[in-house]
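[1] no FASTA, just this:
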């Protein structure tokens, strides 16, 4: 039986995009089911009654939820290029940084680019990004994964692509090459990789969304 | 070379306890380094400069951080009884619920048992626990892991043991057998398992801590 793979998606979501990267790395064909987030489909609510949000991956009828859990599932369930390191310690390090990005960096960035962003939240977001900047600088590699991207690079897609567009949309510039030279070089490498580039949502589309 | 395993710990922490359960399941000998959380050791700060918190597991000089990441590391790095399911889908389901407990249930419980707890936060905490109650009821198994505990049961140690003690310490009773019959039967099974019982911090110790 051929695999049936469906992705409940929203083109503007960096969390959905993580899953699209993982699917593209593994060369998996899937049906993309774009969701209207203001009017969620009965199927999305059925598959994700707890959070009612995208992404949801449905593989042969089994629903998998939460973007990083889905990325690890894709790595487990399909052969091909690995997304997580094989070594248990390296794997734990990757999971730690991916969790750091989700729990700390992204909330700080969303807060400071939101309506109530202020100098204090600007500093908080920059402090968190500085930790990532230092980590990559100390590693001295092209990607968080080394020569190739891994879970951490994928988790950081919001920083690589979304933040620059949100800065353009809001006119607020916080994340620059001066302040975060290592991260900004990394972002450039990342978004220009073929495996990323092929699935990136168009810049104009995101810009219009964040301006609205 | 024999394994050198050190755990930077605090006896009152349900997050540290997760790691102690995993170490006990695998039968791993380790050095317990109890930390004074009001006066953190230079070693703890060296190993966990980002969050400066316990637990930290140091295995042959490698520091692993974040309780659920550590539990997965222990499962990866040592043979013996498995903590996570082998099937990729079952594994993803376990990770989803463990993350739900960390991101949603525990913050809601801590909030409502804290100084600013009110009727609204009580309802929020109960709503989240109800989702867990329903999940276990629908599964119809003794543990979230089935006949044996897995990552989800370990993640829920706070609900199984800490919540009852906090209720006694604060005089505020929210989580009862009437409201959450399935969860309360599960909690009883869980804390009476030998592998759990052997490492549980004494009830009186926790009670005194939360009263203070």
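    It's in. Please read these numbers as outputs of a predicted model, since none were measured by experiment.

[2] hmm, the top helix by length along chain A touching chain B?
    For chain A, the longest helix by residue count, based on DSSP state H, is helix A:119-139. Yes - against chain B, helix A:119-139 shows contacts by CB under 8 Å from any CB of the partner chain at residue A:131. C-beta: built from backbone N, CA, C; applies to glycine.

[3] what helices or strands is that helix leaning on?
    Applying 3 or more CB pairs under 8 Å, 6 or more residues apart in numbering or on different chains; DSSP states H and E, we find helix A:119-139 packed against helix A:88-100, helix A:106-113, helix A:181-192.

[4] Which of the ones you listed sits closest to chain B?
    Each of the helices and strands packed on helix A:119-139 has some distance to chain B by CB to the nearest CB; the shortest is helix A:88-100, at 3.8 Å.

[5] That closest one to helix A:106-113, inter-axis angle?
    20 degrees (axes from the mean of the first three to the mean of the last three CA atoms, to 10 degrees).

[6] tell me what helix A:88-100 is packed against?
    Short answer (3+ CB pairs under 8 Å, 6+ apart): helix A:88-100 packs on helix A:119-139, helix A:151-155, strand B:62-65, helix B:67-77.

[7] got the residues of chain A near chain B?
    Counting by CB under 8 Å from any CB, chain A sits next to chain B at A:50, A:59, A:62, A:64-66, A:69-70, A:72-73, A:76-77, A:88-89, A:91-93, A:95-96, A:99-100, A:131.

[8] Can you select the buried ones among the residues you listed for me in PyMOL?
    Selecting just the buried residues from the residues of chain A next to chain B in PyMOL takes one command, with 16 or more other CB atoms under 10 Å in any protein chain shown as the test:
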select buried, chain A and resi 50+59+62+64+65+66+69+70+72+73+77+88+89+91+92+93+95+96+99+100
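
[9] Mind picking out the helix or strand in chain A with the poorest mean pLDDT?
    helix A:42-47 (a mean of 91; mean pLDDT, DSSP states H and E).

[10] Around residue A:196, how many other residues sit close by?
    22 (other CB atoms under 10 Å in any protein chain shown).

[11] tell me, how many neighbours does the closest residue to residue A:75 other than its chain neighbours end up with?
    Ranked by CB to CB, 6 or more residues apart in numbering or on different chains and with sequence neighbours excluded, the top spatial neighbour of residue A:75 is residue A:83, at 4.2 Å. Residues lying near residue A:83 (other CB under 10 Å) number 23.

[12] go on, residue A:4?
    11.

[13] picking up where we left off before, quick one: the residue nearest to residue A:75 is in a helix?
    No - under DSSP: H, G, I helix; E, B strand; the rest coil, residue A:83 sits outside any helix and is assigned coil.

[14] who's in contact with it?
    A:22, A:25, A:71, A:72, A:74, A:75, A:150, A:151, A:154 (CB atoms under 8 Å, 6 or more residues apart in numbering or on different chains).
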